[in-house]
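*Asks:* here you go, sequence then predicted model.
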Amino acid sequence: MKNTFSTIMSILILVVLAAGVYFIVQTVRETAASAAQPFEQVNQANQALQTQVSQLVNPTPTIIPDPVTYINEVRALARLETIQYSVEKVITAEVGQGTFGFAFGDKLLFVAHGIVIAGIDMEKLQPEDLRFDGTVLYVRLPPTEIFIATLDNEKSYVYDRETGLLTKGQVDLETLARQTAEDEIRKAALEDGILLQGEKNAEAYLIKFFNALGYKTVIFEDE
């Protein structure tokens with residue numbers, strides 16, 4: 001009986017001691033946390049200050065692309081050929097046609113096939129022709145012009161020629177016909193609106209070009 005009572009008392013004492021130790025440990029932890037809290041706040045404030053100082057000393061760069069910096073890239077396109085016409089003309093060249101044309105006259109029919117190429121000479125683009133406003137790139141292009149107006153000699157030919165009975169024909173008549181053909185081919189392309197279509201094609205191409213450089217909105221201005 002005494003042994004049982006002693007055992008129970010020992011267990012109670014151990015429980016009381018364990019509870020006391022747990023209480024002391026918790027009290028110490030709470031006291032330490034309370035004491036450390038002001039230092040934690042100071043530490044957080046210090047880190048925030050360091051971040052602000054770092055941003056001031058080493059600020060994050062804001063990139064604003066200047067269109068003028070791309071002037072050389074645009075000029076690298078040089079002559080931007082944007083449209084090509086294939087034109088056919090029939091040219092009549094004659095000399096000495098009159099009363100004695102049967103004797104001294106010379107006449108030929110020349111079928112001319114020509115090529116006319118138009119576009120924009122990007123070398124003529126100046127820095128002031130590009131300006132950036134907000135998110136919009138404004139571009140003033142050089143005027144569209146004809147680069148090439150020439151005959152296709154493989155397809156061009158003299159269809160017919162009639163010379164007088166007393167002449168061998170004028171030596172340079174075909175040359176004159178060819179020169180006139182080139183002028184007429186150029187004139188026909190202009191009358192058909194090759195320059196306007198060439199400008200539209202140039203704008204369509206350059207919109208993609210500037211989009212690739214990062215300019216999402218491009219507006220072309222007139223002279």
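*Replies:* Sure, I can see it.
*Asks:* going forward, measure contacts and count neighbours with C-alpha atoms only.
*Replies:* Will do.
*Asks:* and L125, how far from A189?
*Replies:* To A189, L125 is 25 Å away according to Cα to Cα, to the nearest Å.
*Asks:* scratch that, I219
*Replies:* For I219, the distance to A189 equals 27 Å [Cα to Cα].
*Asks:* which of these two has more neighbours?
*Replies:* Per other Cα atoms under 10 Å, whichever of I219 and A189 has more neighbours is A189, with 21 against 12.
*Asks:* the more buried one against V116, yeah?
*Replies:* Yes - with contact defined as Cα atoms under 8 Å, A189 counts as touching V116 (7.0 Å).
*Asks:* what is in contact with these two at once?
*Replies:* Y85, V87 (Cα atoms under 8 Å, 6 or more residues apart in numbering).
*Asks:* number of nearby residues for R178?
*Replies:* 23.
*Asks:* which elements pack onto the helix or strand hosting it?
*Replies:* Take DSSP states H and E as the rule and R178 turns out to sit in helix 173-191. For helix 173-191, the elements it packs on are strand 79-95, strand 106-121, strand 145-151, judged by 3 or more Cα pairs under 8 Å, 6 or more residues apart in numbering; DSSP states H and E.
*Asks:* now render the ones you listed as TSV, adding distance to A212, mean neighbour count and mean pLDDT.
*Replies:* TSV is the format used below for those (distance: least, Cα to Cα, whole Å; neighbours: other Cα atoms under 10 Å; pLDDT from 0 to 100):
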stretch	distance to A212	mean neighbour count	mean pLDDT
strand 79-95	17	18	88
strand 106-121	20	22	91
strand 145-151	26	19	93
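*Asks:* out of those strands, flag the one nearest Y138.
*Replies:* With respect to Y138, and counting by Cα to Cα, the nearest of the helices and strands packed on helix 173-191 is strand 106-121 at 17.0 Å.
*Asks:* partners of the closest one, with directions?
*Replies:* The pairing partners recorded for strand 106-121 under DSSP bridges are strand 79-95 (antiparallel), strand 145-151 (antiparallel), strand 157-163 (antiparallel).
*Asks:* quick one: contacts of the first one?
*Replies:* This points to strand 79-95. 105-123, 147, 170, 173-174, 176-177, 180-181, 184-185, 188-189, 194, 197-199, 201-202.
*Asks:* could you do stretch 135-147 as well?
*Replies:* With Cα under 8 Å, 6+ apart as the contact definition, stretch 135-147 has outside contacts at 67, 81, 116-122, 124-125, 129-132, 195-196, 198-199, 215-223.
*Asks:* which of these are buried, as a ChimeraX select command?
*Replies:* Per 16 or more other Cα atoms under 10 Å, the buried members of the contacts of stretch 135-147 correspond to this ChimeraX selection:
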select :67,81,116,117,118,119,120,121,122,125,129,130,132,195,196,198,199,215,218
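*Asks:* which ones among the contacts of stretch 135-147 lie within helices?
*Replies:* L195, L196, G198, E199 (DSSP state H).
*Asks:* my guess is the third one contacts V116. True?
*Replies:* No - in this structure, G198 is not within contact of V116 by Cα under 8 Å, at 11.3 Å.
*Asks:* any residues in contact with both of the two?
*Replies:* The contact lists of G198 and V116 share no entry, where a contact means Cα under 8 Å, 6+ apart.
*Asks:* so which of the strands paired with strand 106-121 is nearest K208?
*Replies:* strand 79-95 (13.9 Å).
*Asks:* quick one, that closest one and helix 173-191 angle?
*Replies:* Interaxial angle, strand 79-95 versus helix 173-191 (axes from the mean of the first three to the mean of the last three Cα atoms, to 10 degrees): 130 degrees.
*Asks:* no more questions from me, cheers.
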